[in-house]
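Novice: My questions concern the predicted model and sequence given below.
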Amino acid sequence: MDNMTSAIASPTLSSKSSPSILIADDDPRILTTLKLLLKSQNYQVVAVSSPAELLTVLARRSFCVALIDLNYQDDTTSGKEGLALVAKIRELDEYMPIVVMTGYSSVDIAVEAMKQGAADFVQKPWKNERLLNILQAQVHIQAMAKKGQKLTQENALLKAQNSHDSENIVAESIVMQQLLAQLAKLAKSDMNILFTGENGTGKSMFAGYLHQCSQRHQQSLISVNMGAITDNLFESEMFGHVKGAFTDAKETRIGRFELAEGGTIFLDEIANIPLSQQAKLLRVLEEKQFEKVGSAKTQQVDVRLVSATNASLAELISQGKFRQDLLYRINTIEIHIPALRDRVADILPLAEYFLIQFASKYGLASPQLCPQASTVLQNYQWPGNIRELSHMMERAIFLSQEQVITAADLGLTPEVTVDGTSFVNNGIDSDTDTLEKIERQIIVDRLARFDNNGHETAESLGLSRSSYYRRLEKHKL
């Protein structure tokens, strides 16, 4: 073995990376030499003296590389113990690179180890420069492979979710300008943020804005619709799983928390998390660690949590449906997003923005709003908020004639047509009609507004899926 002078003279890794290496050899002198060499290069080193110890450590923790001897005290020449160890390591971790150590006379055994999953080998006595080059190359390869796996899953998520285009936030009202200024200031911290407000107010968009203003903006923003994750898939989706963890686990999957490492995780509709899973989320937030499904390894995670809900969490807590300690964790700061009817100054700018966007999307000239249409928009109550305004402008652009959108193109039935200041969305009479008739008409109107999209209709009404479908059955819709 080279003396330590050549090792210290070798280029060292940056302290920021600090790759972790698990080494195994039954010779204490070799373990001591390797620890001195690798620590001088800013590696984190865990050393064990037997295959059993290695497997115990690896079952609880992940490493960048394993550097293992092929011969141990039970069998000092054949390498069978080492080959068996390579196979067992592969069962525990299918991606971690394995570098085997062997004597000059055992190159054939090293080749056999590579056939079974080892990434490279080094001969004893080794040259420090070669050993360090091999380890550094394997650390880099493993990092690139993991990055590629994360990018693949991130791309799949991006296709399934709306993008957060924070540059297109329209906020001319004083209340919204103040809110954006507050978010820009809060973004400099790592505090957990809870957005509250009605459906359709743009909570996910503001989560994107917060992330873009933060020091984590170069890392991922991972969004999760908690209402779309079933109870039995919660752990797999949030924390990932290892290959073979359950029947359909054909490959190892990275969970949402791991994908968000170093960045931000946005949990939309957080009130929909089943009570049975809330303790698992609380543990991640408190201890910054988790385990993949099917694995005993504890992984550390560094993420900023942003969440959103349109529900009253205080009411859910009183009903025993939401944990109070979880609420304390997610709402270091609570930000309420005003309803569109409370920010009238933004209605027309938003309408014009949507008209331009949809005209560009469909290759049409952007129409103008006539004065009466503008008045109608400003006086309407917007139960569906910005989402409803977006849908209305998309429809109106096809209903308009001669590049002018009239009040009639908006699909609202006027109650008073002289000054256009009073409009209703249906023909029900709240003074004489029964509650059942009013409820049925509201659902019919809302279905029409959202083009029979049941999910959006239920959201706009503030109903759970089960409550929504019960009402459809009740009213025979």
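Specialist: Nice, I can see it. Numbers count the residues shown, from 1 in each chain.
Novice: can you pull the buried residues of stretch 244-255?
Specialist: In terms of neighbour count (16 or more other CB atoms under 10 Å), stretch 244-255 has its buried residues at 245, 249, 252-255. All C-beta spots, glycine's among them, are computed from the backbone N, C-alpha and C.
Novice: Can you name the residues that contact Tyr95?
Specialist: 142, 145-146, 252 (CB atoms under 8 Å, 6 or more residues apart in numbering).
Novice: Swap in 7 Å and give it another go.
Specialist: Counting by CB atoms under 7 Å, 6 or more residues apart in numbering, Tyr95 makes contact with 142, 145.
Novice: can you check Ser374 too?
Specialist: Contacts of Ser374 (CB under 7 Å, 6+ apart): Leu348.
Novice: just to confirm, which helix or strand has it in it?
Specialist: Using DSSP states H and E, Ser374 falls within helix 371-379.
Novice: how much space is there between the spatially most central residue of the chain and Leu281?
Specialist: Using CA atoms, centre = their mean, the residue of the chain that lies closest to the mean C-alpha position is Ile222, 2.6 Å off. According to CB to CB, to the nearest Å, Ile222 stands 14 Å off from Leu281.
Novice: that older thread, run the angle between the helix or strand just after the helix holding Ser374 and helix 371-379 for me.
Specialist: Per DSSP H and E, the first helix or strand lying C-terminal to helix 371-379 is helix 385-399. Interaxial angle of helix 385-399 relative to helix 371-379 (axes from the mean of the first three to the mean of the last three CA atoms, to 10 degrees): 160 degrees.
Novice: one step back: of the buried residues of stretch 244-255, closest to Met101?
Specialist: Closest approach between the buried residues of stretch 244-255 and Met101, by CB to CB: Thr252, at 27.1 Å.
Novice: Restricting to C-alpha, output the helix or strand hosting Gln357 in CSV.
Specialist: Assessed by DSSP H and E, Gln357 sits inside helix 347-362. The C-alpha trace of helix 347-362 is given here as CSV (Å, rounded to 0.1, in the frame of the first residue of the first chain):
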residue,chain,number,x,y,z
ILE,A,347,-61.4,41.2,-12.2
LEU,A,348,-61.1,43.1,-15.5
PRO,A,349,-57.3,42.8,-15.7
LEU,A,350,-57.6,39.0,-15.1
ALA,A,351,-60.4,38.7,-17.7
GLU,A,352,-58.3,40.6,-20.3
TYR,A,353,-55.3,38.4,-19.5
PHE,A,354,-57.4,35.2,-20.0
LEU,A,355,-58.8,36.5,-23.3
ILE,A,356,-55.2,37.1,-24.6
GLN,A,357,-54.1,33.7,-23.4
PHE,A,358,-57.0,31.7,-24.9
ALA,A,359,-56.9,33.7,-28.2
SER,A,360,-53.2,32.8,-28.5
LYS,A,361,-53.9,29.2,-27.6
TYR,A,362,-56.6,28.8,-30.3
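Novice: Identify each buried residue in that helix, please.
Specialist: In terms of neighbour count (16+ other CB under 10 Å), helix 347-362 has its buried residues at 347-348, 350-355, 357-359.
Novice: Over to stretch 226-241?
Specialist: Those would be 226-227, 229, 234-241, for stretch 226-241 by 16+ other CB under 10 Å.
Novice: Any idea how far apart the tips of it sit?
Specialist: This stretch, stretch 226-241, spans 18 Å end to end (CA to CA, to the nearest Å).
Novice: ok so, going back, just checking, the residue nearest to the centre of the chain is part of a strand?
Specialist: Yes. When DSSP: H, G, I helix; E, B strand; the rest coil is applied, Ile222 is found to be in a strand.
Novice: What about the buried residues of stretch 226-241, which are in helices?
Specialist: Among the buried residues of stretch 226-241, the members found in helices (DSSP state H) are 234-239.
Novice: JSON lines please, covering these and showing pLDDT and distance to Tyr328.
Specialist: Formatted as JSON lines, those follow (pLDDT from 0 to 100; distance: CB to CB, whole Å):
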{"residue": "Phe234", "pLDDT": "92", "distance to Tyr328": "21"}
{"residue": "Glu235", "pLDDT": "91", "distance to Tyr328": "23"}
{"residue": "Ser236", "pLDDT": "91", "distance to Tyr328": "27"}
{"residue": "Glu237", "pLDDT": "91", "distance to Tyr328": "24"}
{"residue": "Met238", "pLDDT": "93", "distance to Tyr328": "20"}
{"residue": "Phe239", "pLDDT": "93", "distance to Tyr328": "22"}
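Novice: Closest one of those to Met191?
Specialist: Met238 (21.1 Å).
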